[in-house]
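sequence? don't have it. structure:
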């Protein structure tokens, strides 16, 4: 029936049309009787039942559930759904270090500030230090790290990821990963990984070096002939690749240039050559120019000081 009638002693109640959600959920709504009917107790009961009916319907619909008179577990499901939020999501409309949070989830904003309340929001501005939060019209309270005492360091509240706050009765504590302080030599905490450039700079005191960055710092060393060894050394506050090259050149002329397969990036510091020949035949090798980034100029001589080719020339060069 779309309408229903209540009969009581002394008169007939109003004909009532229940709302669609109430009908769907199987909830009954009673209407007050006309004032000329002696029905005080009935009107009190109908008001109480109507209020409970409306609230139950609101709980079901607030959880995004369509009321149904064939499902008798909707209130429990709705309450579990709301509780499972783990926090009320909001957006920030405040300024730097003063976050004003407005509820945007389908669930009602809380009407009072409670110990243990959790709020998740996306900041409009990154913090630059100590800051406050004023969610849902409540008075602004300080934001602290998970210990409840330490102010967030600059950038811990980010515009690119959500921040989770939990109220402890006095302040808002950053919870989850966002509430963990950055690690230092004195305390455990979160560690950011260093990039290759940060590793090479050698000045960062907070980030951790990973194997790939360390490998990049040493560069592509080789042990074949010719060998090329890259050794990072710290000079003047920054790392510099100290490079040692060497090899054995066979079948070359009595004079010329031994070219490096890979040039020194900046400068050559030192080079030397040594002649190699068969037993009983003396040869002398010498460099003929200053150290360079691209190769070694040399010549080889016999014991009489005359130019003469050697079986091989061994060479070594250092630079960076």
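Perfect, thanks for sending it. Remember, predicted model here, so these are calculated numbers, not experimental data. Residues are numbered from 1 along each chain as shown.

for this structure, what's the longest helix?
Ordering each helix of the chain by length in residues (DSSP state H) puts helix 40-62 first.

Give the rounded mean pLDDT of that one.
Average pLDDT, helix 40-62: 76.

Next, the buried residues of it.
Residues of helix 40-62 classed as buried by neighbour count (16 or more other Cβ atoms under 10 Å): 42, 43, 46, 50, 53, 56, 57, 59, 60, 61. Any C-beta I mention is one placed from the backbone N, CA and C, and that applies to glycine too.

before we move on, what about stretch 225-244?
In stretch 225-244, counting by 16+ other Cβ under 10 Å, buried: 226, 228, 230, 232, 239, 240, 241, 243.

ok, so of the residues you listed, who is nearest residue 261?
residue 226 (6.1 Å; Cβ to Cβ).

quick revisit: which among the buried residues of stretch 225-244 gets closest to residue 130?
residue 239 (36.0 Å).

Show the backbone phi and psi for that closest one.
phi -80, psi 140 (degrees, to the nearest 10).

Check the one 10 residues further on too.
Note on residue 249: its backbone torsions stand at phi -100, psi 120 [degrees, to the nearest 10].

which SSE is the residue lying closest to it once chain neighbours are set aside in?
Take residue 249 and drop its neighbours on the chain: the residue closest to it by Cβ to Cβ, 6 or more residues apart in numbering is residue 313, 4.8 Å away. Assigned by DSSP states H and E, residue 313 belongs to strand 312-319.

Averaging pLDDT per element, find the lowest-scoring helix or strand in this structure.
Using mean pLDDT, DSSP states H and E, the weakest-scoring helix or strand in the chain turns out to be strand 7-8, at a mean of 40.

And the strands in the stretch 51-200 of the chain, which stretches?
Per DSSP state E, counting those that start in this stretch, the stretch 51-200 of the chain carries strands over the ranges 88-92, 98-103, 118-122, 131-135, 141-144, 163-167, 172-174.

would TSV of these with distance to residue 254 and mean neighbour count be doable?
Below are the strands of the stretch 51-200 of the chain laid out as TSV (distance: least, Cβ to Cβ, whole Å; neighbours: other Cβ atoms under 10 Å):
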stretch	distance to residue 254	mean neighbour count
strand 88-92	79	19
strand 98-103	79	20
strand 118-122	75	20
strand 131-135	77	21
strand 141-144	78	20
strand 163-167	75	22
strand 172-174	75	25
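
Would you single out the least confident of these?
Looking at the strands of the stretch 51-200 of the chain, the bottom one is strand 88-92 with a mean of 87.

Okay, now the unreliable bits of the chain?
1-45, 81-87, 105-108, 177-181, 279-280 (pLDDT under 70).

domains for it, by residue range?
If you go by automatic domain parsing, the domain ranges for the chain are 7-78, 88-179, 221-319.

Columns distance to residue 213 on top of the ones you listed, output as JSON lines?
Output for the domains of the chain, formatted as JSON lines (distance: least, Cβ to Cβ, whole Å):
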{"stretch": "domain 7-78", "distance to residue 213": "47"}
{"stretch": "domain 88-179", "distance to residue 213": "22"}
{"stretch": "domain 221-319", "distance to residue 213": "11"}
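
Can you tell me which of those is nearest to residue 195?
Smallest distance to residue 195 across the domains of the chain (Cβ to Cβ): 13.7 Å, for domain 221-319.

okay, how far is it across that closest one, tip to tip?
Start-to-end span of domain 221-319 (Cα to Cα, to the nearest Å) is 14 Å.
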